[in-house]
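J.: make a model of this:
(one chain, ligands or ions: 3)
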Amino acid sequence: MNVSEKQHKAEHRERPSNEAFRAFMGGGWAPRDSTVPSLTEAARYAAARRERLSALFPGERLVVPAGGLKIRSNDTDYVFRPHSAFAHLTGLGADRDPDAVLVLEPRTDGAGAAAGHEAVLYFLPLADRDTEEFFADSRVGEFWVGARPTLASTAAELGVTTRHLHELPDALAKDAGPGAVSVRVVRDADREVAALVDTVRQQAGLTTDEATVAAAQEADLALARALSTQRLVKDDWEVRQMEEAVEATAIAFDAVVAQLPEAVRRGRGERWVEGVFGLHARHAGNGVGYDSICAAGEHATTLHWNRNTGEVREGELLLLDAGVETDALYTADVTRTVPVGGTFSRAQRKVYEAVLAAQEAGLAAARPGNTFKDIHAAAITVIAEHLLEWGLLPEGVTLEQTLDADTGQYHRRWMVHGTSHHLGIDVHDCALALREDYLEGELREGMVLTVEPGLYFKSDDLLVPEELRGIGVRIEDDVVITADGCRNLSAMLPRTADEVEAWVRAGGTR
Ligand code: GLY
Ligand code: MN
Ligand code: MN
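T.: Ligands and ions are numbered 1, 2, ... in the order given. Coordinates of the predicted model:
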């Protein structure tokens, strides 16, 4: 749906609309710059991804919306971020482009057989200066949000056919029907486009009752799964994006460490940490890839603590879990847990060393020949060994018993999360891939994953000795699977206890 059509009309705003005024506003401008951009590198890789998708769905119309603007309050929207599948298949990132819809239109050869797809991008192009939109539309107008791309410039930039968004409904309906073209849509990207596809199906006789509607939605889900699964192995360009994201993240971590004394001094130091990281994320890339977890002291035992309202105190640990997202939307996801004053206490170091040993085991298991879940199995075994040695598991429970998936798992009281997840355009990437491809899938060269064990002892946990209460540690690195192991993309950041202490004492200098 055209965003300008959704715009609220506030009564208190003056909108001069007489013809003379409109003519005055529309004239007297220098000609627009008509140079067209060249095809981007991102677009070349996106074309190859579309080819792979095309081969999976011959003869079908595939609809992948970017999604629309979301109202934050009244006439103010959230910063736009395109749907991840759309970004992956177009190479567009940052805030491009609200309401755009990529359609892979099936092609046939001379004999009528399926012959790949044509990529057509429908979007709201830059309006002429003689339109009211030019100066009066605060959501999309050039006066308000800047000049948007034209059909010609986006066609050149992406190497796809481009059409005005107004043509979308007819394009979706064309030749749709039983025995003709079937249509699949990524449903969660844009509810209005999904509803449009539903209407097309109904009018074309593709859905006639509850059962056929359900079957069509299953077909949509299969498309979303295929898109998610396709992202499990990153191409070269994506790996470079991940390197860029991690490099920027490391610089932002340095800046936070340099600012630790200031975070202590100012009070509400977790917010100071969040701000310093966010400044660098926004400066180096598109922003943070997820809300930064800036958890000092006991807050580190809350896995996704991102209220960040607490103090940062000397003598406590700061767990910072944060990642810079590049302009192309690829995000890092890194955690370091540092002693705010530059020295781990005996108890803090004991927990830290245990988590580090677990992470080493996880990293060693991150290699082709193993499955994804082998990483967790390796890391959690080390975690359980330490908990057993420290006498924290229930009386009489052995290592084998606690590791038993059905009857044990006592150790999970202190590390309830998994050790790894895929990482890419989404921080928890490829989430719709099936268990057999993700959890039980073999690790393959080009996969990018986190390895992030932790131990979290809550301050009110009566089952642990007092010295451990209120300590939370997580160490998280981002790795790319190689031919014979993995490469730690975030290895530039200090990781051992001694290295981390030295880093903090040096004020964030590595
Ligand atoms: N930052 C969330 C996670 O580590 O999965
Ligand atoms: Mn993670
Ligand atoms: Mn994380």
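
J.: for the helix or strand harbouring A281, name the packing helices and strands.
T.: In the assignment (DSSP states H and E), A281 maps to helix 269-284. Judged by 3 or more CB pairs under 8 Å, 6 or more residues apart in numbering; DSSP states H and E, helix 269-284 is in contact with helix 236-258, helix 260-266, strand 287-288, strand 293-296, strand 317-322, strand 324-325. To be clear about C-beta, it is placed using only N, CA and C from the backbone, and glycine gets the same treatment.

J.: residues touching the residue of the stretch 401-510 of the chain found nearest ligand 2, list them.
T.: Nearest residue of the stretch 401-510 of the chain to ligand 2 (CB to the ion) works out as T450 at 4.1 Å. Residues near T450 by CB atoms under 8 Å, 6 or more residues apart in numbering: D333, S420, H421, L423, E476, D477, D478, V479.

J.: and the strand or helix carrying it, how far from the chain's centre?
T.: Assigned by DSSP H and E, T450 belongs to strand 448-451. Offset of strand 448-451 from its chain centre (CA atoms, centre = their mean, to the nearest Å): 14 Å.

J.: strand partners of the helix or strand following it, parallel vs antiparallel please.
T.: Scanning forward in sequence from strand 448-451 by DSSP H and E, the next helix or strand is strand 454-457. Within its sheet, and counting by DSSP bridges, strand 454-457 is paired with strand 471-474 (antiparallel).

J.: residues contacting the partner strand, please?
T.: Outside strand 471-474, the residues touching it (CB under 8 Å, 6+ apart) are 295, 298-302, 317, 319, 321, 335, 337, 347-348, 351-352, 355, 452-457.

J.: one more: stretch 112-119?
T.: So stretch 112-119 is contacted by 47, 50-51, 54-55, 58-59, 62, 89, 102-109, 158, 160-161 (CB under 8 Å, 6+ apart).

J.: one more time with 10 Å, if that's ok
T.: 46-47, 50-51, 53-55, 57-62, 64, 89-90, 102-109, 158-162 (CB atoms under 10 Å, 6 or more residues apart in numbering).

J.: identify those among those that sit within helices.
T.: Using DSSP state H, the subset of the contacts of stretch 112-119 located in helices is A46, A47, R50, E51, L53, S54, A55, L89, T90, L158.

J.: the first one and D235: what is the separation?
T.: Yep, that's A46 we're talking about. 10 Å (CB to CB, to the nearest Å).

J.: do the same with the fourth one
T.: Relative to D235, E51 is positioned 12 Å away (criterion: CB to CB).

J.: and the spatially most central residue of the chain, what is it in contact with?
T.: The centre of the chain sits closest to D426, judged by CA atoms, centre = their mean, with a distance of 2.1 Å. If you count contacts by CB under 10 Å, 6+ apart, D426 has them with S84, A85, A87, H88, S228, R231, G289, Y290, L329, Y330, T331.

J.: tell me the angle of the helix holding A281 relative to strand 317-322?
T.: With axes from the mean of the first three to the mean of the last three CA atoms, to 10 degrees applied, the angle from helix 269-284 to strand 317-322 works out at 30 degrees.

J.: and helix 269-284, how far out from the chain middle?
T.: 18 Å.

J.: begin at 89, not 1, for the rest of this chat.
T.: Yep, numbering from 89; the last one is helix 357-372 now.

J.: which residue packs closest to G450, ignoring adjacent ones?
T.: A467 (3.6 Å; CB to CB, 6 or more residues apart in numbering).

J.: the one you found: how many residues sit nearby?
T.: Residues near A467, counting by other CB atoms under 10 Å, number 29.

J.: from V412, how far out is it?
T.: For A467, the distance to V412 (CB to CB) stands at 25 Å.

J.: between the ones in helices among the contacts of stretch 200-207, which has the most around it?
T.: Among the ones in helices among the contacts of stretch 200-207, T178 has the most neighbours (other CB under 10 Å), with 28 neighbours.

J.: where do the strands sit along the stretch 189-338 of the chain?
T.: Ranges of strands within the stretch 189-338 of the chain are 189-196, 202-211, 249-252, 271-273, based on DSSP state E, counting those that start in this stretch.
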